[in-house]
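**Q** what follows is a protein structure lacking sequence information:
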């Protein structure tokens with residue numbers, strides 16, 4: 001008879017990339033295979049396998065999660081253009097022109113949409129993590145964004161009909177060409193945004209010239225991995241102008257130019273800001289949020305963080321930018337939005353202008369709001385929604401749904417938790433500068449990405465949070481909110497595996513949560529005790545001062561810290577387990 005804990009239910013394992021995958025495999029070997037008699041349904045979601053299977057691996061993952069109900073997902077790469085070209089050169093048999101979007105885009109949105117799940121990110125409550133906050137008051141950082149274009153000047157409304165929404169383009173031929181179509185229901189929000197190549201170029205010249213005149217280091221932030229045809233097109237224009245007109249001048253002054261994804265940039269603003277810099281965010285909705293945040297931080301700084309922060313992202317409908325159609329215009333022409341055969345909007349675009357069409361599902365929004373209220377009531381959280389309802393019909397539906405769900409709860413004699421609706425910029429500022437003790441911040445997908453990284457930076461590390469995806473049908477997917485740690489993976493490879501620097505805390509916690517859910521589903525008390533013991537061993541390890549390098553100096557007793565690598569941390573976990 002095996003002395004392993006017997007588990008009746010299979011667990012879905014979604015593998016990822018780079019250093020996170022090195023850690024994941026070690027954790028599965030140490031804490032699952034050696035201790036549990038359990039069937040693992042393993043699927044390779046690495047960037048390379050998504051490519052060679054033409055996205056079938058993502059479909060397979062969705063089917064497995066829906067069949068078995070509980071899974072754990074590791075971080076994976078979302079390839080940019082150069083990474084895609086590198087993979088295609090490695091696999092010459094793959095036709096790059098015939099790739100399904102699932103082969104190259106982030107699988108996260110597709111999986112969440114496929115299982116109908118919304119995501120909640122929560123701090124892991126380590127007892128002794130106390131982040132030393134950077135001094136912000138008086139810091140000389142400026143944020144510059146585009147005043148016009150983009151979502152600010154979008155066409156957005158609630159659909160008047162149930163049917164098909166089409167994006168049509170009329171170019172030099174004069175014949176309408178269908179760029180994109182999707183199903184839409186009456187009451188669903190939709191939005192078309194475009195930006196002007198000339199306006200982007202003008203902004204880029206003013207941005208770089210200002211940095212030179214004021215002698216500031218330069219930071220550019222967009223989300224080109226997820227929105228390559230929109231943010232990626234803007235990035236190409238801005239960086240092209242930098243290389244041709246400003247790079248020599250910037251380097252001659254000893255200044256630096258940095259590009260990072262906007263969520264990583266936002267985290268840097270609060271956790272490791274330079275003394276003097278100019279931040280450029282061409283996307284004006286995100287840019288205005290960061291502009292207001294920086295001005296608030298200059299006045300008030302960052303208060304002590306004793307609050308437990310939870311962020312809920314609405315992603316079941318594949319809404320906002322993450323579920324969008326986006327690409328630059330191939331020639332001058334007119335782009336039109338047609339809903340159920342009726343033309344709702346038309347505008348001129350020029351060759352290269354980035355275009356973005358997005359919509360959302362009102363039913364999915366209602367499911368998300370209901371889940372937000374359920375979670376907040378269960379855990380006694382205050383709720384702070386961020387909506388641009390004053391001038392965005394797209395966001396008005398969220399406000400209407402909140403009222404609708406409140407009324408339904410009242411009829412059931414279930415009072416909703418305390419909540420407020422504010423602008424997303426105010427929501428972000430509150431989360432950082434005036435956080436209540438126990439709050440939940442519901443956000444649309446891109447805001448949720450940015451807010452998550454900011455919260456993680458203030459909480460100590462991207463590895464000090466848990467991430468839970470829950471569907472209305474009860475499917476549960478647990479994951480780490482961090483990425484694949486590319487820089488650490490490069491060091492790992494160059495050292496022949498000797499330098500294994502990575503904090504596996506979020507993966508350990510996700511694993512504990514997944515096992516706890518399996519135990520609850522099948523009434524397995526022994527497995528439940530093991531899952532709780534694994535999560536407690538994680539907290540005890542950090543409480544004893546045994547940490548990875550990302551937490552160095554961030555505990556309440558820095559003098560007693562012992563910094564270990566990935567394997568040393570796992571050994572310490574085993575001892576306490």
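**A** Right, received. Where do you want to start? This is a predicted model, so every value here is computed, not measured. Residues are numbered from 1 along each chain as shown.
**Q** elements contacting the least confident helix or strand in the chain by mean pLDDT?
**A** Ranked by mean pLDDT, DSSP states H and E, the helix or strand of the chain with the weakest confidence is strand 308-314, at a mean of 78. Counting contacts by 3 or more C-beta pairs under 8 Å, 6 or more residues apart in numbering; DSSP states H and E, strand 308-314 packs against strand 117-123, helix 362-379, strand 438-444, helix 445-459. Every C-beta, even on glycine, is put in place using the N, C-alpha and C of the backbone.
**Q** any weak-confidence spans in this protein?
**A** Residue ranges of the chain with pLDDT under 70: 1, 305-308, 315-319.
**Q** hang on, the earlier thing: and the angle for the least confident helix or strand of the chain with helix 362-379?
**A** Compare the direction of strand 308-314 with that of helix 362-379 by axes from the mean of the first three to the mean of the last three C-alpha atoms, to 10 degrees and you get 160 degrees.
**Q** any buried residues in the one helix or strand residue 22 maps to, and which?
**A** Assigned by DSSP states H and E, residue 22 belongs to helix 18-28. Under the neighbour-count criterion of 16 or more other C-beta atoms under 10 Å, helix 18-28 has 18-24, 26-28 buried.
**Q** what do you get for stretch 204-218?
**A** Going by neighbour count (16+ other C-beta under 10 Å), the buried part of stretch 204-218 is 204, 207-208, 211-212, 216-218.
**Q** among the residues you listed, which lie within helices?
**A** Among those, DSSP state H puts 204, 207-208, 211-212 in helices.
**Q** farthest pair in those?
**A** Pairwise distances across those (C-beta to C-beta) peak at 12.7 Å, for the pair 204 and 212.
**Q** now do stretch 241-260: everything it contacts.
**A** Outside of stretch 241-260, the residues that reach it under the criterion C-beta atoms under 8 Å, 6 or more residues apart in numbering are 201, 204-205, 208-209, 211-212, 215-222, 235, 239, 268.
**Q** how does it look with 7 Å?
**A** For stretch 241-260, contacts defined as C-beta atoms under 7 Å, 6 or more residues apart in numbering pick out 201, 204-205, 208, 211-212, 215-221, 239.
**Q** of those, closest to residue 118?
**A** Lowest distance from residue 118 to these (C-beta to C-beta) belongs to residue 221, with 25.6 Å.
**Q** quick check: that closest one touching residue 262?
**A** Yes - using C-beta atoms under 7 Å, residue 221 is in contact with residue 262, at 4.0 Å.
**Q** so how far is residue 221 from the residue lying closest to residue 185 once chain neighbours are set aside?
**A** Leaving aside its chain neighbours, residue 185 sits nearest to residue 162 (4.7 Å; criterion: C-beta to C-beta, 6 or more residues apart in numbering). Separation of residue 162 from residue 221 (C-beta to C-beta, to the nearest Å): 38 Å.
**Q** more neighbours, those two?
**A** Neighbours per residue (other C-beta atoms under 10 Å) separate residue 162 from residue 221, with residue 221 holding more: 28 against 13.
**Q** and that one, bridged to which residues?
**A** Residue 221 has the following beta-bridge partners by DSSP bridges: residue 260.
**Q** what sits against it?
**A** Counting by C-beta under 7 Å, 6+ apart, residue 221 makes contact with 260-262, 265, 279, 281.
**Q** between the residues you listed, which is closest to residue 127?
**A** Nearest to residue 127 among the contacts of residue 221 is residue 265, at 30.6 Å by C-beta to C-beta.
**Q** do I have it right that the closest one meets residue 219?
**A** Yes - counting by C-beta under 7 Å, residue 265 does reach residue 219; the two are 6.0 Å apart.
**Q** what about the closest residue to residue 197 other than its chain neighbours, neighbour count?
**A** Residue nearest to residue 197 in three dimensions, not counting chain neighbours: residue 352, with 4.4 Å by C-beta to C-beta, 6+ apart. Residues near residue 352, counting by other C-beta under 10 Å, number 19.
**Q** ok, now the one 4 residues further on?
**A** One way to gauge burial is a neighbour count; for residue 356, by other C-beta under 10 Å, it gives 24.
**Q** again, but for residue 342
**A** Using other C-beta under 10 Å, residue 342 has 10 neighbouring residues.
**Q** ok, what's across the strand from it?
**A** With DSSP bridges as the rule, residue 342 is bridged to residue 339.
**Q** show me the strands in the stretch 351-500 of the chain, by range?
**A** Taking DSSP state E, counting those that start in this stretch to define them, one finds strands in the stretch 351-500 of the chain at 354-359, 382-386, 419-422, 438-444, 465-471, 476-479.
**Q** report all helices and strands that the second one contacts.
**A** Taking 3 or more C-beta pairs under 7 Å, 6 or more residues apart in numbering; DSSP states H and E as contact, the helices and strands that strand 382-386 lies on are strand 419-422, helix 424-433, strand 438-444.
**Q** before we move on, back to that, residues touching the least confident helix or strand of the chain, excluding its own?
**A** Applying C-beta under 7 Å, 6+ apart, the contact partners of strand 308-314 are 118-123, 125, 365, 368, 372, 375, 381, 431, 435, 438-445, 448, 451-452, 455.
**Q** in PyMOL, how would I select the buried members of those residues?
**A** Burial among these is assessed by 16+ other C-beta under 10 Å; the matching PyMOL selection reads:
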select buried, resi 118+119+120+121+122+123+365+368+372+375+381+431+435+439+440+441+442+443+444+445+448+451+452+455
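**Q** before we move on, the earlier item: looking at the helices and strands packed on strand 308-314, spot the one closest to residue 295.
**A** Here helix 445-459 is closest among the helices and strands packed on strand 308-314 (C-beta to C-beta), at 15.7 Å.
**Q** tell me how far the closest one lies from the chain's centre.
**A** Here helix 445-459 is found 8 Å from its chain centre; the criterion is C-alpha atoms, centre = their mean, to the nearest Å.
**Q** next: stretch 447-465.
**A** 10 Å.
**Q** quick one: closest of the helices and strands packed on strand 382-386 to residue 275.
**A** helix 424-433 (19.6 Å).
**Q** just checking, residue 89 is part of a strand?
**A** No - using DSSP: H, G, I helix; E, B strand; the rest coil, the assignment for residue 89 is helix, not a strand.
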